[in-house]
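Undergrad: coordinates only, sequence not included:
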């Protein structure tokens, strides 16, 4: 089993920054790609960012490209999402997830097998 726990969410003004963290415990963390998703009220969960299992490649939704940065630390078994220039439309519950080893893609929920409980990000003045 893999347990994922997100933290770092909160209330921030438009234009501000937040850094989300995802702490992993249990079985393997390294050797797997990881991702961040978000879900706003009344909307479907959507892909935000992903990092390959090697850590050498990262992928972003167009809506966050240039503003968000995903990174990981295999020693600490942690995943991060640095979010800058936040907008009200970034308001959502943010989830981290572990990508399936046999997944052919990275932007679908079905590509991931373990999920955290989420951390709320609210961008408002």
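TA: Great, that's in hand. Not measured: the values here are computed from a predicted model.
Undergrad: now the residue positioned nearest the centre of the chain: how far from residue 125?
TA: Geometric centre of the chain, nearest residue: residue 36, 2.0 Å, by Cα atoms, centre = their mean. From residue 36 across to residue 125, the span is 24 Å (Cβ to Cβ, to the nearest Å). Using the backbone N, CA and C atoms, a C-beta is placed for each residue, glycine as well.
Undergrad: how about residue 100?
TA: 39 Å.
Undergrad: so which of these two has more stuff around it?
TA: Taking neighbours as other Cβ atoms under 10 Å, residue 100 and residue 125 compare with residue 100 leading, 16 against 8.
Undergrad: three-state assignment of the residue nearest to that one when sequence neighbours are not counted?
TA: With sequence-adjacent residues excluded and distances taken as Cβ to Cβ, 6 or more residues apart in numbering, residue 100 is closest to residue 113, at 5.0 Å. What DSSP: H, G, I helix; E, B strand; the rest coil gives for residue 113 is strand.
Undergrad: what sits against residue 113?
TA: 97-100 (Cβ atoms under 8 Å, 6 or more residues apart in numbering).
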